[in-house]
Each structure stands twice: as structure tokens, then as C-alpha cells.
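Engineer: Fold the following for me, if possible:
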Amino acid sequence: MTKPPPSILEITRLARLRKVRGVQRALALRRALNLVYFWDKKFFFVAMLVGFAMLQLPVPAGLSQEGLVVLTMSVVATILFVTEPVPLPTVALLIVVGQVLLLGLQSTDVAKSLMTDSVLFIMGSLMLAVAVVKQKLDKRIAWLIVRITGTRTFRICFGVSVVSGLLASFIGEHTVAAMMLPVGITLITLTSQDPRKVRNLAAVVLFSISYGCSIAGIGTPSGGARNAIMVGYWKEFFYDPSDPETYKFIIDYARWMLFAYPMFLVQIPFVTIILFMTFRPEYRDLSRAVVRLRQQIEKEGPMKRGDWVAIALFVLILSGWIGVSGDIGMGTVAIMGAAAFLVAGLVKWEDVNSGVNWGVVLLYAAAISLGVQMKSTGAAAWVAESFLALLTPIGAGDGLGLWGAVSVLTTGVTNMMSNGAAVAVLGPIVLNLADAAGESPIVVGFITAVSSAFAYLTVVGTPACTIVYASGYLKTTDFLTVGWKMVIMSTVMMLLFAALYWPLIGV
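Structural biologist: Numbers count the residues shown, from 1 in each chain. Below is the predicted model of the structure:
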């Protein structure tokens with residue numbers, strides 16, 4: 001029997017029912033999306049709640065209301081740095097807004113505090129990094145390494161660490177890691193196309209790049225933003241143009257190298273030894289890879305005119321950093337160098353504009369500005385004195401104990417957030433800590449800046465580690481397996497230099 005067609009009333013009822021169900025599904029989807037949004041941003045709301053709660057607390061003895069506000073902003077910023085519920089440049093924007101709304105500062109004064117020579121230096125260095133990478137010299141660098149070291153795996157990895165370090169000490173570890181990664185992958189893939197057959201070889205080669213860059217980042221002010229930040233803090237906190245005695249707090253490019261570059265050079269052999277003790281490569285000789293690499297270089301032909309011009313310009317920039325940065329500022333030299341690459345046509349502005357992470361520049365500018373407020377409001381001094389009160393009973397209130405405590409603190413923080421942010425946050429505190437403990441702010445400042453390079457334990461600790469991990473050859477557990485050995489080696493080396501070498505050069 002044929003079923004009769006539905007009536008108009010039935011059709012209308014069904015339509016309404018479907019509409020209701022559709023609306024219910026839409027509402028359910030919206031609620032789910034809202035839950036997902038709040039879950040993704042949960043640490044942002046946690047940070048805001050922590051900040052609100054701190055501002056409701058009574059002002060501790062010895063701390064001003066403005067100091068409590070700045071301390072609250074620093075705690076909130078640190079939570080956001082570590083958890084990253086929002087893009088990090090957003091944190092910079094919040095710092096700027098917070099100084100105006102919460103501290104009552106004039107926006108013009110805040111804007112002035114954002115653009116210091118340190119920030120110019122960071123910006124110029126990032127622009128130079130784009131120009132250098134644009135020259136695509138990676139295979140030639142690999143060929144130069146093996147021509148000097150020979151084909152033995154140990155010597156090649158040592159050479160990779162040396163070259164990565166020498167370059168990173170001047171143009172920054174993230175740039176060199178990005179430039180050297182193709183070098184390492186070339187040596188690995190020319191040895192074997194099967195990743196399982198070169199598992200340990202890949203670990204040794206890639207860690208030679210990342211750790212070579214990390215230990216070298218301490219060598220010069222241009223080795224990392226953290227160094228420029230500390231240079232700026234020394235000048236801002238301790239230099240008085242009317243007092244000739246305070247001129248020692250002007251740390252120029254050459255003086256920084258005198259303190260830190262020997263430390264980087266001494267660590268290089270230990271990096272290779274630790275890597276070979278931890279990962280035993282499957283191949284002790286890379287002759288097959290070297291032969292294939294030579295064939296590829298021969299196909300590309302001799303170096304072009306632009307390559308030589310780029311090298312010459314970089315030598316001039318380096319000479320300017322060493323020779324005249326004390327007079328015109330390291331930032332000015334960096335900006336002049338970036339302009340020279342643009343004028344010479346070696347890089348286009350479009351490449352610079354797309355290659356430079358301008359959010360990083362803003363982030364460091366805001367962090368430095370907040371650090372200055374930590375000092376001027378007395379918040380940094382209060383935290384330093386409180387920290388010193390905890391260290392004194394355990395014998396770490398001065399000397400080697402204090403240096404070790406500062407190093408452990410910085411190492412822990414830098415493995416959770418970027419090393420530049422770690423120094424920006426800790427710099428005002430440790431410099432005031434040194435002052436309160438009767439220690440040299442220069443020594444404690446160097447210990448902080450150097451220890452911020454010990455981000456060996458995590459993938460996200462430093463850009464160099466993140467970049468080599470992205471190759472796909474490494475596991476996150478590999479960083480822990482070898483990283484703790486690197487931390488011990490670097491810490492012991494730094495404390496030895498602080499105790500034995502730095503006094504010889506007049507700290």
C-alpha cells in the first residue's frame with residue numbers, strides 16, 4: 001500500500017524540528033569552540049589572575065607601590081614568556097600599555113625607553129643575518145671544513161663546531177644554525193640516505209652545530225641579544241658621565257671579547273669529546289660524503305663577485321664593532337652595515353622585511369624598558385636583597401657560592417624561555433644582588449649573560465637547538481641525554497674563568 005504524501009502541517013513541523021536541531025548543533029559547536037579557546041588561552045587568564053591578586057596584596061616592607069606594580073608586571077610577563085598562550089610580541093605590547101596605565105608614565109617617555117643602542121644593535125644584527133644567509137655559502141663552508149680537517153668523522157665534527165662557533169660569535173647563533181644545518185644534512189645524506197643507519201652520526205654532526213653556536217654566543221656582544229641587553233644594563237644602572245670611575249661599566253665590543261672569547265675557544269674540544277662519548281657514530285670516516293660534496297662544488301664553479309663583496313663588507317662591520325663602537329655605539333655600526341648591504345644590492349629590502357622577525361625586536365625593546373623600571377622603582381633591589389637573605393644562611397651570599405647560585409638560577413630560567421628574555425628579566429635583579437653583596441656587577445653580569453647560553457637541555461631553550469631538531473634526525477630525549485653533561489662542563493669552565501682569568505684582566 002502506497003504511503004500518502006505528508007501534509008503541509010507535517011512538512012512545516014519537520015522543517016521546524018530540523019531548524020531547532022540545527023540551531024542546537026550550532027550552539028553546541030559554539031560552546032565547544034569557546035571551551036577550546038579558553039583552554040588554549042588558559043595560561044593567559046592564569047597570568048592575569050596572578051597579576052590581579054598580586055596588586056591586591058599589601059605593599060611589602062622596603063618596597064614602594066610602584067615597585068610592586070613593576071614586580072607584578074615582571075611576574076605576569078615571565079608566566080607568558082614560559083607558557084606562550086599568546087604570541088610573544090603581544091607580551092611586549094602589554095608591557096608598553098602596562099607602563100602607561102599602571103605606572104602612570106607618559107607614553108612618550110615609554111617610547112623613548114624602547115629604542116636604545118642595544119635595541120638598534122639587535123635590529124641591525126638581525127638585518128645583517130638575513131643578508132649573510134642570502135649569499136648561500138653553505139656547501140662552500142662544508143667543503144672548506146673538510147679540506148682543513150680531512151675525512152675523519154671526529155675531525156670533521158670538531159671542524160663543524162669551530163666554524164659554527166666562529167661565525168655564531170659574530171652574527172648570532174640562530175643565523176649560523178640555519179646556515180650550517182644544510183651543511184650538516186649534506187654530510188649526513190651523502191653518507192647514507194637511510195636515517196636509521198646514521199642515527200648517531202646525525203646526532204654528533206647536528207649537535208656539533210647547535211652546541212658550537214651556543215657556546216660561541218657568549219664570545220662577542222653580537223653573538224646574541226642577551227649580550228647587548230647586559231651591556232645596556234651596565235651602562236643604564238652604573239655609568240655616570242660626571243664620574244670617571246664609572247667608565248669601567250662601559251663594556252665595548254673589544255672588552256667583551258677579552259672577557260668571554262677565550263672561554264668559548266677553550267670549550268670547543270670538550271663539546272666534541274662529550275658528543276663522541278655520548279653518541280658513537282656509525283662511520284669513523286666520511287670519505288664517500290666528501291667525494292660527492294667535491295663533485296657538487298665543482299658543478300657550482302668559482303665564487304662570484306657578490307660573495308667576495310659580502311665577505312669584505314662583513315669584515316668592515318666587524319672592524320667597526322671592535323674599533324669605533326665605543327664612540328658611536330654598536331647599534332649604529334650594525335645599522336650602517338645593514339645599509340651597506342642594501343646599497344651594494346646584495347640583499348633587497350623585501351628580503352630584509354620578510355626575513356627579520358620584527359616581533360623579536362619589539363619583545364627585547366619592551367623587556368629592556370621593563371628592566372629599567374625594575375631598577376628605577378627599587379623593585380630589582382628589593383628582590384635582590386630578599387634573594388640574598390635566602391642565600392646567606394647556606395654560605396652562598398658572596399664569592400663562588402653566589403656566582404654558582406646566579407648561574408644555576410639563570411640556567412634554569414633560560415631552558416624555559418629565550419635566553420634574551422631570561423637576561424632581560426634577571427639582569428636588573430642580579431646586578432642589584434651583586435651591589436648588595438659587595439660583588440662586582442661586571443662579574444655577576446657576565447656570569448648571568450654566559451649562563452644564559454647553557455640552554456642545552458630542551459628543544460626550545462635556544463633557536464640553534466630548535467633549528468637542528470627540525471631536521472627530523474633528533475629526539476627530544478637526545479637533548480637531555482647530552483645536555484646535562486654540557487651544562488656541567490660549561491658551568492665549571494665559567495666559574496674557573498671567573499675565579500682565575502677575569503681578575504688578571506682587571507675586574
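
Engineer: After the lowest-mean-pLDDT helix or strand in the chain, which helix or strand is next?
Structural biologist: Here the helix or strand of the chain ranked lowest by mean pLDDT, DSSP states H and E is helix 8-40, holding a mean of 62. Downstream of helix 8-40, the first helix or strand assigned by DSSP states H and E is helix 42-56.

Engineer: what does that following helix rub up against?
Structural biologist: The contact list for helix 42-56 (C-beta atoms under 8 Å, 6 or more residues apart in numbering) reads 38, 68-69, 71-73, 75-76, 79-80, 83, 85-86. From N, CA and C alone the C-beta is placed, and that goes for glycine too.

Engineer: Select only the buried ones of these in ChimeraX?
Structural biologist: The buried residues among the contacts of helix 42-56 can be selected in ChimeraX (16 or more other C-beta atoms under 10 Å) with this line:
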select :68,69,71,72,73,76,79,80,85,86
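
Engineer: hang on, residue 219 in a helix?
Structural biologist: No: if the criterion is DSSP: H, G, I helix; E, B strand; the rest coil, then residue 219 is coil and not within a helix.

Engineer: Count residues in the vicinity of it, would you?
Structural biologist: Residue 219: 26 surrounding residues under other C-beta atoms under 10 Å.

Engineer: which ones are touching it?
Structural biologist: 165, 169-170, 257, 260-261, 263-264.

Engineer: The closest residue to it other than its chain neighbours sits in which helix or strand?
Structural biologist: Spatially, and ignoring its direct neighbours in sequence, residue 219 is nearest to residue 169 (3.5 Å; C-beta to C-beta, 6 or more residues apart in numbering). Here residue 169 sits within helix 153-171, counting by DSSP H and E.

Engineer: Also residue 215?
Structural biologist: helix 199-216.

Engineer: report the angle between the axes of that helix and helix 153-171?
Structural biologist: 30 degrees (axes from the mean of the first three to the mean of the last three C-alpha atoms, to 10 degrees).

Engineer: Can you point out the buried residues in helix 199-216?
Structural biologist: Here helix 199-216 shows 199-216 as buried, counting by 16+ other C-beta under 10 Å.

Engineer: next one: stretch 142-153
Structural biologist: Buried residues in stretch 142-153, counted by 16+ other C-beta under 10 Å: 142-143, 145-146, 149, 153.

Engineer: Out of these, flag the one nearest to residue 385.
Structural biologist: Residue 385 has its nearest neighbour among these in residue 145, at 50.0 Å by C-beta to C-beta.

Engineer: can you list the weak-confidence ranges in this structure?
Structural biologist: Low-confidence segments of the chain, defined by pLDDT under 70: 1-36, 132-133, 135-139, 300, 416-418, 460-461, 470, 507.

Engineer: Using the record's assignment, carve this structure into domains.
Structural biologist: Domain assignment for the chain by automatic domain parsing gives 34-113, 115-505.

Engineer: Span of the longest one from start to end?
Structural biologist: Length of domain 115-505, first residue to last, C-alpha to C-alpha, to the nearest Å: 32 Å.

Engineer: Which strand or helix spans the residue lying closest to residue 221 once chain neighbours are set aside?
Structural biologist: Distances taken as C-beta to C-beta, 6+ apart place residue 227 nearest to residue 221, at 4.6 Å, with adjacent residues excluded. Element membership for residue 227, per DSSP H and E: helix 225-238.

Engineer: any idea how far residue 265 is from residue 85?
Structural biologist: 41 Å (C-beta to C-beta, to the nearest Å).

Engineer: same thing with residue 237?
Structural biologist: 30 Å.

Engineer: more neighbours, those two?
Structural biologist: Set side by side, residue 237 and residue 265 show more neighbours around residue 237, with 21 against 16, by other C-beta under 10 Å.

Engineer: How about the contacts made by that one?
Structural biologist: Per C-beta under 8 Å, 6+ apart, neighbours of residue 237: 249, 375, 428, 431, 441.

Engineer: Would you check which pair of the contacts of residue 219 lies furthest apart?
Structural biologist: Farthest-apart pair in those is 170 and 263; separation 15.8 Å (C-beta to C-beta).

Engineer: circling back: ok now the helix holding residue 169, how far from the chain's centre?
Structural biologist: 19 Å (C-alpha atoms, centre = their mean, to the nearest Å).

Engineer: And stretch 493-505, by the same measure?
Structural biologist: 24 Å.

Engineer: quick one on the thing from earlier: between helix 153-171 and the helix or strand just after the helix holding residue 227, find me the angle.
Structural biologist: For helix 225-238, the succeeding helix or strand toward the C-terminus, using DSSP H and E, is helix 253-278. With the same axes, to 10 degrees defining the directions, helix 253-278 sits at 150 degrees from helix 153-171.

Engineer: and helix 253-278, what other elements does it pack with?
Structural biologist: Using 3 or more C-beta pairs under 8 Å, 6 or more residues apart in numbering; DSSP states H and E, the elements in contact with helix 253-278 are helix 153-171, helix 199-216, helix 305-323, helix 325-328, helix 441-451, helix 476-496.

Engineer: okay if I get these as JSON lines plus distance to residue 279?
Structural biologist: JSON lines is the format used below for those (distance: least, C-beta to C-beta, whole Å):
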{"stretch": "helix 153-171", "distance to residue 279": "10"}
{"stretch": "helix 199-216", "distance to residue 279": "4"}
{"stretch": "helix 305-323", "distance to residue 279": "33"}
{"stretch": "helix 325-328", "distance to residue 279": "40"}
{"stretch": "helix 441-451", "distance to residue 279": "25"}
{"stretch": "helix 476-496", "distance to residue 279": "7"}
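
Engineer: Go through those and pick out the most buried.
Structural biologist: Among the helices and strands packed on helix 253-278, helix 199-216 has the highest mean neighbour count (mean count of other C-beta atoms under 10 Å), at a mean of 28.

Engineer: for the stretch 51-200 of the chain, what spans make up the helices?
Structural biologist: 65-83, 88-101, 107-114, 117-133, 138-149, 153-171, 173-191, 199-216 (DSSP state H, counting those that start in this stretch).

Engineer: Please compute how far the second one lies from its chain's middle.
Structural biologist: Once both centres are worked out by C-alpha atoms, centre = their mean, helix 88-101 turns out to sit 20 Å from its chain's centre.

Engineer: Also the shortest one?
Structural biologist: Between the mean C-alpha location of helix 107-114 and the chain-wide mean there is a distance of 24 Å, by C-alpha atoms, centre = their mean.

Engineer: Just the buried residues of that helix, please?
Structural biologist: Neighbour-count burial for helix 107-114 flags 110, 113-114 (criterion: 16+ other C-beta under 10 Å).

Engineer: which residues sit against it?
Structural biologist: Helix 107-114 is contacted by residues 96, 99-100, 365-366, 368-369, 372-373 when judged by C-beta under 8 Å, 6+ apart.
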